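Participant: From the sequence below, what's the structure:
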Amino acid sequence: MPIQAVLDTNILVAAGRSNAGASFELLRLFHQGDTRWEWNLSTALLLEYEAVLKREQQRQGRDVAEVDRLLDDVCARASRHPIFYLIRPHLIDPNDDFILELALAAGAHYIVTHNLGDFRDAERFGIRVVSPGEFLKIILSQP
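Facilitator: Purely as a prediction, here's the structure:
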């Protein structure tokens, strides 16, 4: 059974900025069809990915069509979940509550983020909050 995870938007931004880090490696593994983990997605998170990544691409003077290709791939292979309930407000940053709601709806084991402190209350729900490097180690330790 694959490890269930929700990736915060900052993971995708970091992967776009550098191909040397754990964030990029997670996206590379996903693109290659790694079956040890499953990426969970909601409409709200997809829309945030799109807005933030396109803004980042424009800021860097790069083609926003790359974002569309990435998100098409994510949509095609990630596990999609509708969100029918709200637990808001619960986290320090109320703009992150929808990520916690997705993790709960998906039965996710992990929220992967660079902003660990923003999600510390997620642990009350049995969801571990880890950095991309920690999550990569967890994945790589799986058979």
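Participant: can you map out the helices along this protein?
Facilitator: 9-17, 22-31, 43-59, 65-77, 97-106, 132-140 (DSSP state H).
Participant: which one of these is the most hemmed in?
Facilitator: Mean neighbours per residue, mean count of other C-beta atoms under 10 Å, is largest over the helices of the chain for helix 97-106, with a mean of 21. For the C-beta atoms, the positions are set from N, CA and C on the backbone; glycine is no exception.
Participant: closest one to Arg120 among the helices of the chain?
Facilitator: helix 97-106 (11.0 Å; C-beta to C-beta).
Participant: helices and strands around the closest one, which ones?
Facilitator: strand 3-7, strand 37-41, helix 43-59, strand 110-112 (3 or more C-beta pairs under 8 Å, 6 or more residues apart in numbering; DSSP states H and E).
Participant: And the contacts of it?
Facilitator: Here helix 97-106 makes contact (C-beta atoms under 8 Å, 6 or more residues apart in numbering) with 4, 6, 8, 40-42, 44-45, 79, 81-91, 108, 111, 119, 121-122, 125, 127.
Participant: could you dump the helices and strands packed on helix 97-106 to CSV with distance to Leu70?
Facilitator: Formatted as CSV, the helices and strands packed on helix 97-106 follow (distance: least, C-beta to C-beta, whole Å):
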stretch, distance to Leu70
strand 3-7, 12
strand 37-41, 12
helix 43-59, 7
strand 110-112, 16
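Participant: mind checking which of the ones you listed is nearest Asp72?
Facilitator: Evaluated with C-beta to C-beta, the helices and strands packed on helix 97-106 place helix 43-59 nearest to Asp72, the distance being 10.7 Å.
Participant: Any chance you could list what contacts that closest one?
Facilitator: Residues outside helix 43-59 that contact it (C-beta under 8 Å, 6+ apart) are 6, 9, 12-13, 16-17, 63-64, 66-67, 70-71, 74-75, 82-83, 98-99, 102.
Participant: Name all residues that make contact with the residue nearest to Ile92 when sequence neighbours are not counted.
Facilitator: Of all residues not flanking Ile92 in the chain, Asp118 sits nearest, at 5.5 Å (C-beta to C-beta, 6 or more residues apart in numbering). Counting by C-beta under 8 Å, 6+ apart, Asp118 touches Leu91, Ile92, Asp93, Asp96.
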